[in-house]
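Trainee: What follows is a predicted structure for the sequence shown.
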Amino acid sequence: MFATLVIDFSVVAFGGCGCCCCSSGRRSESGRVLMWGRSVVGMTMQGATMLVGVRAADEVFAALEELSTRRRPWTAFEQGLLQAYRWAVGTRAVAPVTGDEAMGLVGPCRSQLLAECQAAEVRLRVGATPGADVDLVLGAYAALAWVCGHHDERP
């Protein structure tokens, strides 16, 4: 069962980023978004749980906190994880692999998370661009694949 949300800010005016998951909100006669079936801005309410991709926001923030407290200097893989988690929860403006900006109000929507995960996978298969660190892309891919629900083991 999904919680009912009443939104009074700009998502009402433009309906999120316009992808299929962002445009699935139900509206009242006044045009306000009342309820979402999936993700509108990457984070939604399902019962009382905020979701980032398919993970509870608390899980993603716990992963981010655990990584942040590790000894420094971080490896390139860990930096990729951090960048992906930060972008997924909306505390980083640009995506770790493509450099795209999050289109939602709080962070990327589920479609954007999936697209970034696919971009990381392609970059790993084809080969990283010159000057790019393969380990950083691998870390971003591992984090995004977990956030998107491709596997259950948190990197």
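Mentor: Nice, thanks for sending it over.
Trainee: any low-confidence regions in the protein?
Mentor: Along the chain, segments meeting pLDDT under 70 span 1-48, 128-132.
Trainee: switch the cut-off to 50
Mentor: Across the chain, the ranges flagged by pLDDT under 50 are 1-16, 20, 23-44, 46.
Trainee: Just the CA trace of the biggest helix by length in it, in PDB.
Mentor: Using DSSP state H, we find that the single longest helix of the chain is helix 110-126. C-alpha atoms of helix 110-126 as PDB (Å, rounded to 0.1, in the frame of the first residue of the first chain):
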ATOM      1  CA  ARG A 110      14.400   5.500 -11.200                       C
ATOM      2  CA  SER A 111      14.700   5.700 -15.000                       C
ATOM      3  CA  GLN A 112      17.700   8.000 -14.600                       C
ATOM      4  CA  LEU A 113      19.300   5.600 -12.100                       C
ATOM      5  CA  LEU A 114      18.900   2.700 -14.500                       C
ATOM      6  CA  ALA A 115      20.300   4.700 -17.400                       C
ATOM      7  CA  GLU A 116      23.400   5.700 -15.400                       C
ATOM      8  CA  CYS A 117      23.800   2.000 -14.400                       C
ATOM      9  CA  GLN A 118      23.700   1.000 -18.000                       C
ATOM     10  CA  ALA A 119      26.100   3.700 -19.000                       C
ATOM     11  CA  ALA A 120      28.600   2.400 -16.500                       C
ATOM     12  CA  GLU A 121      28.100  -1.100 -17.700                       C
ATOM     13  CA  VAL A 122      28.700   0.000 -21.300                       C
ATOM     14  CA  ARG A 123      31.800   2.000 -20.400                       C
ATOM     15  CA  LEU A 124      33.200  -1.100 -18.600                       C
ATOM     16  CA  ARG A 125      32.500  -3.400 -21.600                       C
ATOM     17  CA  VAL A 126      33.800  -1.000 -24.300                       C
END
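Trainee: So which other helices or strands are in contact with the next helix or strand after that helix?
Mentor: Helices and strands here follow DSSP states H and E; after helix 110-126, the next one along the chain is helix 134-147. Using 3 or more C-beta pairs under 8 Å, 6 or more residues apart in numbering; DSSP states H and E, the elements in contact with helix 134-147 are helix 57-68, helix 76-89, helix 110-126. Using the backbone N, CA and C atoms, a C-beta is placed for each residue, glycine as well.
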